[in-house]
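Undergrad: the sequence and its predicted three-dimensional model are supplied below.
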Amino acid sequence: MLKTGISEKVITPETGIELCGYLARVQPSVGKYDDLYARILYLENGGAGIIWIHCDLIGFSNDIAVRIRKAVAEKTAVKITDVFLSATHTHAGPATVRLRKCGELDPEYMVFLERSIIEGAKAAVGDAEAVTLSFSETAVANIAIDRRRPSENSHVDTKLPVLAFRRNDGSFKAVIANYAIHNVGLSSNNRNISADIAGFAAEFAASGLPGKPTVFLTNGGCGNINPAVMAGDYSGVERAGTILGNAIINEIFSLEKCNEDSIESRFSEFELPLDTLSSAQLETIMDRYNLYYKSQDDNYETNRNHEAFYMWYEETKNLLVNGKAPRSITAYIHVLRIGPVIFTGVNAEVFSKMAGRLRQATGIEPLYVVGYANGCIGYLAPREIYVEGGYEVNEAYKYYGYFNLAPGGFELVRNKIQTVLCPKSKYAAVNGQKKLNLHKGGTNYVYST
């Protein structure tokens, strides 16, 4: 029997904290549009327990994510490998990942955040009750665009799955939805705290459903995807959030009860190679940058970028001189199966093609990527994007870390997930095996047993 518990904790910081995500933003925050939440889901079935913590934050550094997951595990008796931590990637919240000159971490806020999450996790475990599981999927177009220069590699993932947990009286206790879009409806001019599009859509959907469920709107592979409208005020958030919220509400009428409600969590970690620079290569990059900097106008954004670049240069130079330059970075893969639906968490800003390539390779249709899960190491882009170039593969690492992810990291992660979802496992799609009729229209998802 599937049991579910939920809790919601307000994690809004005090006005005056620095906001994270934009180098060009004038700091600190000066107001608030809406509250930030840590939404927590506890799942239990057959002795197995899973805690999913989803926060209206930009993401988590790997070390911060491990610390929070470990603390939750210790306080709830759920194994750390069964604690799943994700974020909406709002750019209008406090720093919880290090991005040079894009918002400084506040130690007091981090203490408050961890305490709030632990309290919420314990509350969710204590709230467990029997539920039934139902699922459907729709698509939402025209609110998200590939933000990169148009090319044959341009791509947008429009899928919107809706997984619902119903109480015995038929009301909804929780809903999980997933959509790939950078949560940046508010531009870099914004100085107000906000959960942005994901937060607005989650609250909109919750208010329109029986039982006012906790709605988890997780982010998909959105490394290359922005909102079609990014406004200097709240209008872009309201537009996209209303469309997404309505799509979740409307899809509720198409839900069908799942024939299976078991749960499973599989966590793994491995090293992704970095494209390490030599001292000579670093100096060449610095010389070229100095020429570029001298050609730019003297303004706030140029100077902030200059400060960030020099921070990266000095820190990276020190690592190289002392022989401590890292050659790899840790990737976390966390696969959750909830009934027939699979969520694959990756600690990166994953490009949108990941989910489609995984579905094609495994034959599993109800399979969705959750970005910013259990940490964030930067952009995870396919090989062809390295050929094209662009901010995500040429510049972003200078704000996140020291060296760029080597080409092929995206494919290594995809292969690792495929290994977890291999043809010999219960996850794989195999003709002639047990059918699970999930949708209207008689769509059959076929799994081995």
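TA: Yes, it's here. Since the structure is predicted, the reported quantities are computational estimates derived from the model, not experimental observations.

Undergrad: which parts of the stretch 301-449 of the chain are helices?
TA: Counting by DSSP state H, counting those that start in this stretch, one finds helices in the stretch 301-449 of the chain at the ranges 353-362, 383-388, 391-394, 397-400, 409-420.

Undergrad: which one of the ones you listed lies nearest to residue 111?
TA: When those are compared by C-beta to C-beta, helix 397-400 sits nearest residue 111, at 23.8 Å. All C-beta spots, glycine's among them, are computed from the backbone N, C-alpha and C.

Undergrad: got a list of contacts for the closest one?
TA: Applying C-beta atoms under 8 Å, 6 or more residues apart in numbering, the contact partners of helix 397-400 are 23, 98-102, 308-309, 312, 376-379, 403-405.

Undergrad: for those residues, which one is nearest residue 359?
TA: Out of the contacts of helix 397-400, the member with the shortest distance to residue 359 (by C-beta to C-beta) is residue 379, at 21.5 Å.

Undergrad: which residues does that closest one form a beta bridge with?
TA: Beta-bridge partners for residue 379, by DSSP bridges, are residue 349.

Undergrad: so who does it touch?
TA: 223, 348-349, 351, 392-393, 396-397, 405.

Undergrad: how does it look with 7 Å?
TA: Contact partners of residue 379, counting by C-beta atoms under 7 Å, 6 or more residues apart in numbering, are 223, 348-349, 392-393, 396.

Undergrad: quick one: it from residue 418, how far?
TA: 21 Å (C-beta to C-beta, to the nearest Å).

Undergrad: then residue 298?
TA: Noted for residue 298: a distance of 50 Å to residue 418, by C-beta to C-beta.

Undergrad: and for residue 32?
TA: Distance check for residue 32 against residue 418: by C-beta to C-beta, it reads 43 Å.

Undergrad: again, but for residue 29
TA: 42 Å.

Undergrad: out of these two, which sits in the busier spot?
TA: Shown here are residue 29 and residue 418; by other C-beta atoms under 10 Å, residue 29 has more neighbours (22 against 15).

Undergrad: what's the helix or strand for that one?
TA: Assigned by DSSP states H and E, residue 29 belongs to no helix or strand.

Undergrad: phi and psi next, for it.
TA: Reported as degrees, to the nearest 10, the phi and psi values for residue 29 are phi -70, psi 150.

Undergrad: does it touch residue 19 like I think?
TA: Yes: contact criterion C-beta atoms under 7 Å: residue 29 and residue 19 qualify, at 5.2 Å.

Undergrad: joint contacts of those two?
TA: Joint contacts of residue 29 and residue 19 (C-beta under 7 Å, 6+ apart) are residue 191.
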